[in-house]
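In: Here's my sequence, what's the structure:
(one chain, ligands or ions: 2)
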Amino acid sequence: MAQPIIQAIRGMNDVLPEDSAYWQTLESTLRELLARYGYQEIRFPVVEKTELFKRSIGEVTDIVEKEMYTFEDRNGDQLSLRPEGTAPCVRAAIQHGLLHNQVQRLWYLGPMFRHERPQKGRYRQFHQMGVETFGMAGPDLDAELILMTARLWRQLGLSNLELQLNSLGTRESRAEYRKELVAYFEQHRDALDEDSLRRLQSNPLRILDTKNPAMQDVVAGAPKLMAHLDDASREHFETLCGLLDDAGIAYRVNPCLVRGLDYYSRTVFEWVTDQLGAQGTVCAGGRFDTLVEQLGGRPTPSAGFAIGLERLLELVRDNLQPDTAPHAYLVLVGEAAQQRGLLLAEQLRDALPALRIMSHCGGGSFKSQFKKADKSGARLALILGEDEVAQDTVSAKFLRGDAGQGQETLTQEALPAWLADKLGV
Ligand code: ATP
Ligand code: MG
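Out: Ligands and ions are numbered 1, 2, ... in the order given. The predicted model follows:
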């Protein structure tokens, strides 16, 4: 009896071979860039205690209120699939003593989980490359983070991202502003949606971050946090702007930029595009100077950002040129050739470590094998038939742009040097 087919969970995507080459290319570009700035990778589990996210992200946030995959495990512990990487990264850094009188520049890359409504650029399992730094309080570090992302966009051929900047000041300077903001929204209760009414007392700043188009006017008219910044935060922000000006990085100060997560202070930034519809934020970050303390560590200035890789890939896919196709496909006609071919391919891999060669398995006619050689994307078909086996030779035929070169027969002995020369491997 035929079994029903089991489908993947909605909003959780498979990456198929034709796409994984693009992911790999993007990921290696990221890794190389991070190494150039001296950042080191950290890996932490996909599952953490729910408490970690409640205490860091904040109870009154979309993520904790309605997006987390939370469950009780067999011991009765409350666990959650990580919805973001900052809290686990800070947790790991505290737990392993990485923050004691040390400066850290860390990065991570991996899947995050949020139960959102799936749509283009918004998934339930998505991937972030994130950077977190510890022990550097100044605006020079904020500028480094932004310059690093700007270099990444240049390297990927992206020229139309807009940098938006804001400062959230300190918790203390926000308190005064908060009162003014609540008073303003109280006057405009009619314009607030259900979520915002609920946040009015618990987390009024988050109302500024609303995605509800009907609320854009009331948000635009709200008092501005910039006007309430403490002196030190103002100076921090002005220095950062100066550093960006010096580096020729264009930006727009967006007073409504508050970020969805509670733990930010001072600098916040987003890189935004208008090419992904409503899901326009590709990279978001900022400073979170109080988070380490909030999670039980010693006060440690911290800042970072996260890039949504699905959104980034959507933007840059056409600029990436994955180089993963085999260089050569070995066509093996006849039983003797099948045996000899397997060994020949091994000898070639020994001689040429950079060579990517696929050896045909499973027999079949010359014609059907040749079709597979072509489909593999290889530049070159190497052919071993009865004659070639008998004479210790191989025939070579170029399959791509250089296909006009016809077919050539060489001795097996001469093959490694010939391949090295023709393929540059
Ligand atoms: P958004 O406002 O789009 O919901 P966010 O403020 O919730 O984003 P962050 O928590 O700051 O996002 O995450 C950083 C980045 O991760 C986002 O800018 C985005 O590129 C990406 N991202 C966040 N949620 C998703 C998702 N559900 N699917 C795909 N990418 C996402
Ligand atoms: Mg979100």
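
In: Quick check: residue 239 touching residue 139?
Out: Yes. If you go by Cβ atoms under 8 Å, residue 239 and residue 139 touch, sitting 4.3 Å apart. C-beta here means a position set from N, CA and C on the backbone, and glycine is covered the same way.

In: So for those two, which sits in the more crowded spot?
Out: Ranked by neighbour count (other Cβ atoms under 10 Å), residue 239 and residue 139 place residue 139 first, with 22 against 15.

In: ok, now which ones touch the more buried one?
Out: 236-237, 239-240, 243, 267 (Cβ atoms under 8 Å, 6 or more residues apart in numbering).

In: And for residue 31?
Out: Contacts for residue 31 (Cβ under 8 Å, 6+ apart) come out as residue 41.

In: next one: phi and psi at residue 358?
Out: phi -110, psi 130 (degrees, to the nearest 10).

In: Tally up the residues packed near it, please.
Out: Neighbours of residue 358 (other Cβ under 10 Å): 17.

In: May I have the beta-bridge partners of it?
Out: In this entry, residue 358 is beta-bridged to residue 329, by DSSP bridges.

In: In CSV: the contacts of residue 139, plus pLDDT.
Out: Listed next are those as CSV, based on pLDDT from 0 to 100:
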residue, pLDDT
236, 97
237, 97
239, 98
240, 98
243, 98
267, 96
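
In: Just the ones in strands from the residues you listed, please.
Out: residue 267 (DSSP state E).

In: need the contact list for the residue of the chain found nearest ligand 1.
Out: Closest residue of the chain to ligand 1, Cβ to the nearest ligand atom: residue 308 (2.1 Å). By Cβ under 8 Å, 6+ apart, the residues touching residue 308 are 121, 126-128, 281-283.

In: What parts of this protein come near ligand 1?
Out: Those residues of the chain that sit near ligand 1, judged by Cβ under 6 Å from any ligand atom, are 84, 114, 116, 121-123, 126, 128, 260, 279, 281-282, 284, 306, 308, 310-311.

In: which of those residues are buried?
Out: Among those, those classed as buried by neighbour count (16 or more other Cβ atoms under 10 Å) are 84, 114, 116, 121-123, 126, 128, 260, 279, 281-282, 284, 306, 308, 310-311.

In: need the strands for the stretch 51-200 of the chain, in chain order.
Out: 70-72, 78-81, 104-113, 125-134, 162-167 (DSSP state E, counting those that start in this stretch).

In: In its sheet, which strands sit next to the second one, and in what direction?
Out: So the one you mean is strand 78-81. When DSSP bridges is applied, strand 78-81 pairs with strand 47-49 (antiparallel), strand 70-72 (antiparallel).

In: which other residues reach the last one?
Out: With contacts defined as Cβ under 8 Å, 6+ apart, strand 70-72 is touched by 50, 78-80.

In: Repeat the analysis, applying 6 Å as the threshold.
Out: The contact list for strand 70-72 (Cβ atoms under 6 Å, 6 or more residues apart in numbering) reads 50, 80.

In: Ok, the first one next?
Out: Taking Cβ under 6 Å, 6+ apart as the criterion, the residues outside strand 47-49 that touch it are 79, 82, 88.

In: Equivalent analysis for stretch 339-346, please.
Out: Contact with stretch 339-346 is made by 330, 332, 357, 359, 384, 389, as judged by Cβ under 6 Å, 6+ apart.

In: again, but for stretch 211-230
Out: 167, 169-170, 173, 176-177, 180, 184, 188, 191, 193, 208, 255-256.

In: How about it, which residues are buried there?
Out: In stretch 211-230, counting by 16+ other Cβ under 10 Å, buried: 215, 218-219, 222, 225-226, 228-230.

In: What's the end-to-end length of that stretch?
Out: 28 Å (Cα to Cα, to the nearest Å).

In: what mean pLDDT does it have?
Out: Averaging pLDDT along stretch 211-230 yields 90.

In: now stretch 279-288
Out: 95.

In: contacts for it?
Out: Contacts of stretch 279-288 with the rest of the structure, by Cβ under 6 Å, 6+ apart, involve 121-122, 149, 263-273, 302-305, 307, 311-312.

In: just stretch 97-110 next, same as before
Out: Contacts for stretch 97-110 (Cβ under 6 Å, 6+ apart): 34, 38-42, 85, 93, 129-136, 297, 300.

In: Mind checking which of these are buried?
Out: Using 16+ other Cβ under 10 Å as the burial test, these include 34, 39, 42, 85, 93, 129-136, 297, 300 as buried.

In: Residue 118 against residue 9, yeah?
Out: No. Applying Cβ atoms under 6 Å as the test, residue 118 and residue 9 come out as separate, 9.8 Å apart.

In: okay, these two: which has more neighbours?
Out: residue 118 (16 against 9).

In: which ones are touching the more buried one?
Out: When contacts are counted by Cβ under 6 Å, 6+ apart, residue 118 touches 10-11.

In: Let me see the confidence value for it.
Out: With respect to pLDDT, residue 118 has a value of 96.

In: and the single longest helix found in the chain, average pLDDT?
Out: Ranked by number of residues, the top helix in the chain under DSSP state H is helix 17-36. In this model, helix 17-36 has an average pLDDT of 96.

In: winner for burial among the strands of the stretch 51-200 of the chain?
Out: strand 125-134 (a mean of 23; mean count of other Cβ atoms under 10 Å).

In: So which elements touch it?
Out: With contacts defined as 3 or more Cβ pairs under 6 Å, 6 or more residues apart in numbering; DSSP states H and E, the packing partners of strand 125-134 are strand 104-113, strand 302-308, helix 309-316.
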